[in-house]
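1. Have a look at this prediction, sequence included:
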Amino acid sequence: MHPNTEDRMSSSPFSQADLDRITATVKEAESKTSGEIVPYFVDQSDDYRVASWRGGVTAGATAMLLSLLVHTVVNIWFAYSMFELSATIAVGFGLGVFLVRIIHSFRRFFAGPSLMEHRVSQRASLAFLSEEVFNTRERTGILIFLSFFERKVVVLGDAGINAKARPEDWEGIVRTIVQSMRDGKPADGLVEAIRQCGTLLQKHGIQRRDDDLDELSDNLRIGR
C-alpha cells in the first residue's frame, strides 16, 4: 500500500468522522472488485493571481471613468489634476484586487470557467501521477478528484477501466459530487460517488481475484 503523500490542509471541510467514513466506503467498494479507488481533495487547483489582476484593472478603469464622468457633469476640470486621477485609479485597482482575493464568487468570476477548467484538469492529472493510480496490476485504478473552490470534479480511470467504461459513465458520478459541494456536504457526495464507482466496476466485469491485493491506500488524499 502506498502512504498518503500529501499533507492535510487546515481548510479541509472533512471532519475525522468524514475521513473514517470515506475510508470505510473505499474498502467496501473495493471488496467486490479488483479496481482501486483513489479519492483526492484540494481546496483549490490554482491561486488564480490573474483573477486579482483582472479585478484590479476592471475596478481601476471603472473608478477612472466614474471620476471623469463626475468631473464632466459638474464641470470642475480646473480643480482636477493628473495626480488626483492617478490616485483614483490606484485606489480602485487596490480595492478590486482586495475584493477578488477575499470574495470567492468574485475570484471565480474573474478567473473565468475556461481557466478554472484547465487548472483543475492539470491538477487532477498531477494527482493521478503523484498517487500512482496507474500502478496497479490490471491498470484498474480510478481517481476521484475534487477541487472545492472551483466546485469541479474530475474522474480519471486507468487504461484497464477506460477499455470498458465510457466517458458518460462518469457523468452521474461527477454530478453527484458537484451537487454535494454546492450543498456544503462534500463528504456525503464523495461517499455516494465511491459506491457508484464500485458498482460501475462490477457492472463492467472487473471482478475481484482470489489473490487480489489492496494496492493503493484507501484514505482520502488531501493535497495542497
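-> Structure received. Only a predicted model underlies this, so the values are computations on that prediction, with no experimental measurement involved.

2. shaky segments in this protein?
-> 1-11, 73-81, 210-214 (pLDDT under 70).

3. and with 80 instead?
-> Scanning the chain with the threshold set as pLDDT under 80 gives 1-12, 67-68, 70-85, 164-167, 204-215, 224.

4. Give me the domain ranges for it.
-> Here the domain assignment for the chain is 16-46+113-223, 49-111, based on automatic domain parsing.

5. What is the end-to-end distance of the shortest one?
-> Going back to what we said before, that points to domain 49-111. 9 Å (CA to CA, to the nearest Å).

6. hang on, the earlier thing: tabulate the domains of the chain in CSV, adding columns for mean neighbour count.
-> (Each C-beta comes from the backbone N, C-alpha and C, glycine too.) Formatted as CSV, the domains of the chain follow (neighbours: other CB atoms under 10 Å):
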stretch, mean neighbour count
domain 16-46+113-223, 18
domain 49-111, 15
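
7. Checking Phe145 next. Helix, strand or coil?
-> At Phe145, secondary structure determined by DSSP: H, G, I helix; E, B strand; the rest coil is strand.

8. so it sits right up against Trp170, yeah?
-> No: using CB atoms under 8 Å, Phe145 is not in contact with Trp170; the gap is 11.3 Å.

9. tell me, what's touching these two both at once?
-> Common neighbours of Phe145 and Trp170 (criterion: CB atoms under 8 Å, 6 or more residues apart in numbering): Val155.

10. Test my guess that Phe134 contacts Gly141.
-> Yes: counting by CB under 8 Å, Gly141 is a contact partner of Phe134 at 6.4 Å.
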